[in-house]
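Student: need coordinates for the following:
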Amino acid sequence: MDLNVVGGTGLTAYFGLMDIGQPKPGETVVVSAGAGATGSVVCQIAKHILGCRVVGIAGGASKCAWLLESNCVDVAIDYKKNDGKDFRRDLKSACPNGVDIFFDNVGGWILNDVLKSLNFKSRVVLCGAISGYNATSLPTGPAAYLNLIGTSSRMEGFILLNYKDRFAEGRRQLSRWLHEGKIKYKEEVVLGLENAPNAMLKLFNGGNKGKLVVDLRSKSIPTKL
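Tutor: As a prediction, this is how the structure comes out:
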């Protein structure tokens, strides 16, 4: 839990959503990598605590099913379905009244497509861009960025250390919500340091749900990844 909800993962979700996203009840919040460690916490805060309508984007039917079964989101979109060809249609169906907040952990073409669906005065929270972390050249900027002008919207990036003076505040609030059962968390534990490289690859191929943790103390136990 210290590495998850009340650690860096939860604090990133808390400050990014609350300070930059500034959600209001009833607004539509879209979260990329919604089944990931940070994304799943963002989804729960927005849905269960702030009263927003939450759409989670995840890769694969099993992740989308988990988001729905765990009541993290109202709608889940599988961006891998039909090689992404259905994404725009599914996003429009999930957000018939547009997008008020986009909490982005992925970047790339998903960011570009969501930019096309922004409402007036929307907020785009740039938390990460994992789709381009292994790129060998700089990616092309999102072509739809002009929609930020037309909708008078704001796109802002951040790092967790920006809020280092408020970590205690974030931990208190997250601990309270966790104790009240408003936030739940999932951890996928990989046993053994020798399995750490393969575990890390899961972050890039979308193979994990929730927080991915390598347990160094159990390196003698064989683990099938």
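
Student: contacts, neighbours, all on C-alpha from now
Tutor: Fine.

Student: wait, residue 182 sits on residue 44?
Tutor: Yes: using Cα atoms under 8 Å, residue 182 is in contact with residue 44, at 7.5 Å.

Student: who's more crowded, the two?
Tutor: residue 44 (25 against 14; other Cα atoms under 10 Å).

Student: helix, strand, or coil at the more buried one?
Tutor: helix (DSSP: H, G, I helix; E, B strand; the rest coil).

Student: quick one: residue 56 is in a strand?
Tutor: Yes: using three-state DSSP, the assignment for residue 56 is a strand.

Student: that one: how many residues sit nearby?
Tutor: 28.

Student: partner residues bridging it?
Tutor: residue 31, residue 76 (DSSP bridges).

Student: so what pLDDT did it get?
Tutor: pLDDT, residue 56: 98.

Student: isn't it up against residue 36?
Tutor: No: with contact defined as Cα under 8 Å, residue 56 does not reach residue 36; the gap is 10.2 Å.

Student: and this protein, what are its domains?
Tutor: Domain ranges of the chain: 8-179, 187-218, per automatic domain parsing.

Student: confidence-wise, which of the ones you listed is weakest overall?
Tutor: Across these, the lowest-scoring stretch is domain 187-218, with a mean of 62.

Student: quick one: the strands in the chain?
Tutor: 28-31, 53-58, 75-78, 99-104, 118-126, 154-157, 187-191, 211-215 (DSSP state E).

Student: show me what the longest one is packed against.
Tutor: Going back to what we said before, that points to strand 118-126. Strand 118-126 is packed against strand 99-104, strand 154-157, with contacts defined by 3 or more Cα pairs under 8 Å, 6 or more residues apart in numbering; DSSP states H and E.

Student: got a list of what residue 59 touches?
Tutor: 33, 78-80, 206 (Cα atoms under 8 Å, 6 or more residues apart in numbering).

Student: how close does residue 25 get to residue 64?
Tutor: Separation of residue 25 from residue 64 (Cα to Cα, to the nearest Å) stands at 24 Å.

Student: let me redo that: residue 52
Tutor: On the measure of Cα to Cα, residue 52 and residue 64 end up 19 Å apart.

Student: now the helices for the chain?
Tutor: Using DSSP state H, the helices assigned to the chain run over residues 8-15, 37-44, 61-69, 87-94, 108-115, 147-150, 167-179, 196-205.

Student: what is the end-to-end distance of stretch 101-108?
Tutor: Across stretch 101-108, first to last residue, Cα to Cα, it's 17 Å.

Student: 893 is where my numbering starts, stick with that
Tutor: That works, and once the first residue is 893, the last one we named lands at stretch 993-1000.

Student: grab the nearest non-local neighbour of the spatially most central residue of the chain.
Tutor: Central residue of the chain (Cα atoms, centre = their mean): residue 931, 2.4 Å from the mean position. Spatial nearest neighbour of residue 931, chain neighbours left out: residue 925 (5.6 Å); criterion: Cα to Cα, 6 or more residues apart in numbering.

Student: what is the neighbour count of that neighbour?
Tutor: When neighbours are counted by other Cα under 10 Å, residue 925 comes out with 25.

Student: now the one 4 residues further on
Tutor: Residues near residue 929, counting by other Cα under 10 Å, number 25.
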